[in-house]
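S.K.: Sequence isn't available, so here's the structure alone:
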Ligand SMILES: NC(=O)c1ccc[n+]([C@@H]2O[C@H](COP(=O)([O-])OP(=O)(O)OC[C@H]3O[C@@H](n4cnc5c(N)ncnc54)[C@H](O)[C@@H]3O)[C@@H](O)[C@H]2O)c1
């Protein structure tokens with residue numbers, strides 16, 4: 001039977017790569033996102049993908065989305081909690097509390113809500129797996145990005161707890177911690193750093209590369225390939241782990 005896969009915030013970015021990669025294995029794929037135009041695009045691009053709007057900062061939206069996903073997929077084997085927003089680039093003392101709340105809602109609370117609603121269905125699977133997106137920011141502190149770092153560390157605590165609680169049901173839980181990934185988002189992050197530090201974009205990029213052994217950005221396709229491996233039978237003994245994919249990054 002094909003794997004049945006739910007991926008959050010997957011109409012664009014790394015999530016879309018997850019959708020492409022799982023669809024290419026023959027899996028049935030459901031994606032949700034807040035961006036309606038991007039949902040239309042992904043539905044056109046990947047034949048058979050099920051795409052549905054959902055604002056993951058709203059608990060009521062999640063409570064409607066997860067049962068719909070399970071019904072349309074005919075069950076659930078793979079949950080990828082991909083959603084994560086970066087928030088603003090400001091020191092803690094100046095960080096707006098409303099923005100803190102927004103980052104925590106999307107990066108951590110939505111992960112909790114999607115997962116708690118998915119668990120009863122994953123228990124019905126022969127090989128359930130949860131993959132949660134952390135970040136290099138979940139391994140180090142991150143200047144001027146406090147809610148992002150705090151939530152990405154939180155993702156790891158949540159993932160390790162899921163692995164302990166769910167192992168007896170044959171469900172595995174792992175976190176992926178990417179470094180700087182090629183794409184629009186990292187360009188926005190670099191722009192924020194340049195603005196707050198007064199450095200040029202070129203200087204900011206060079207500084208980011210100086211912190212890693214391999215001087216390159218991460219290809220999002222490689223992250224998707226890692227997720228496909230983790231969800232495969234070959235990954236059956238890997239649970240409770242944080243898998244960095246970051247060109248050996250030594251700090252954020
Ligand atoms: N891009 C990177 O360099 C990088 C590095 C490390 C970790 N990550 C993590 O990987 C994951 C994916 O990152 P990305 O760069 O692909 O993200 P992205 O910024 O490209 O956004 C992906 C999708 O999230 C959707 N989204 C935003 N807010 C939403 C909401 N409230 N409800 C539903 N959907 C919403 C957007 O519409 C978009 O389609 C995140 O958890 C991120 O923290 C990314």
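M.R.: Okay, I see it. As the structure is a computational prediction, the values presented were derived from the model and not from experiment.
S.K.: What's the local residue count around residue 57?
M.R.: By the criterion of other CB atoms under 10 Å, residue 57 has 19 neighbours. The C-beta positions use only the backbone N, C-alpha and C, and glycine is treated the same way.
S.K.: Apart from its chain neighbours, what residue comes closest to it?
M.R.: residue 105 (4.4 Å; CB to CB, 6 or more residues apart in numbering).
S.K.: thought the one you found was touching residue 62?
M.R.: No: when contacts are counted by CB atoms under 8 Å, residue 105 is not listed as touching residue 62 (10.5 Å).
S.K.: Look at those two and report which has more neighbours.
M.R.: Higher neighbour count among residue 105 and residue 62: residue 62, with 22 against 19, using other CB under 10 Å.
S.K.: how about that one, secondary structure?
M.R.: Under DSSP: H, G, I helix; E, B strand; the rest coil, residue 62 falls in the helix class.
S.K.: What of residue 188?
M.R.: helix.
S.K.: Retrieve the pLDDT associated with the residue most central in space within the chain.
M.R.: The centre of the chain sits closest to residue 82, judged by CA atoms, centre = their mean, with a distance of 2.3 Å. You'll see residue 82 listed with a pLDDT of 98.
S.K.: secondary structure class for residue 30?
M.R.: Under the three-state scheme (three-state DSSP), residue 30 adopts strand.
S.K.: again with residue 84
M.R.: Using three-state DSSP, the secondary structure recorded for residue 84 is coil.
S.K.: Torsion angles phi and psi at the closest residue to residue 87 other than its chain neighbours?
M.R.: Nearest residue to residue 87 in three dimensions, chain neighbours excluded: residue 103, at 4.0 Å (CB to CB, 6+ apart). Main-chain dihedrals, residue 103, degrees, to the nearest 10: phi -70, psi -40.
S.K.: Show the contacting residues for residue 103.
M.R.: For residue 103, the contacting residues are 85, 86, 87, 147, 148, 151, by CB atoms under 8 Å, 6 or more residues apart in numbering.
S.K.: make it 6 Å
M.R.: Neighbour list for residue 103: 85, 87, 147 [criterion: CB atoms under 6 Å, 6 or more residues apart in numbering].
S.K.: ditto for residue 162
M.R.: Residue 162 sits in contact with 130, 173, where contact means CB under 6 Å, 6+ apart.
S.K.: Next up, identify which helix or strand it is on.
M.R.: helix 146-166 (DSSP states H and E).
S.K.: returning to that earlier point: could you measure from the closest residue to the residue nearest to the centre of the chain other than its chain neighbours over to residue 38?
M.R.: Spatially, and ignoring its direct neighbours in sequence, residue 82 is nearest to residue 15 (4.3 Å; CB to CB, 6+ apart). Distance, residue 15 to residue 38, by CB to CB, to the nearest Å: 10 Å.
S.K.: These two - which one has more neighbours?
M.R.: residue 15 (25 against 19).
S.K.: Could you confirm the more buried one falls within a helix?
M.R.: Yes: with three-state DSSP as the criterion, residue 15 is part of a helix.
S.K.: What pLDDT does the model give it?
M.R.: 98.
S.K.: Please apply the same query to the one 10 residues further on.
M.R.: At residue 25 the predicted local confidence, pLDDT, stands at 98.
S.K.: can you check the one 3 residues further on too?
M.R.: As predicted, residue 28 sits at a pLDDT of 98.
S.K.: Residue 199 too?
M.R.: Residue 199 is given a pLDDT of 95.
S.K.: three-state assignment of it?
M.R.: Residue 199 - assigned by three-state DSSP - is coil.
S.K.: for the ligand, what are the nearby residues on the stretch 51-200 of the chain?
M.R.: Selection of the stretch 51-200 of the chain residues close to the ligand by CB under 6 Å from any ligand atom yields 54-57, 82-85, 106, 133, 135, 178, 180-181, 183, 185-186.
S.K.: Buried ones from these, can you make that a PyMOL selection?
M.R.: If you want just the buried ones from those in PyMOL, going by 16 or more other CB atoms under 10 Å, the selection is:
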select buried, resi 54+55+56+57+82+83+84+85+106+133+135+178+180+181+183+185+186
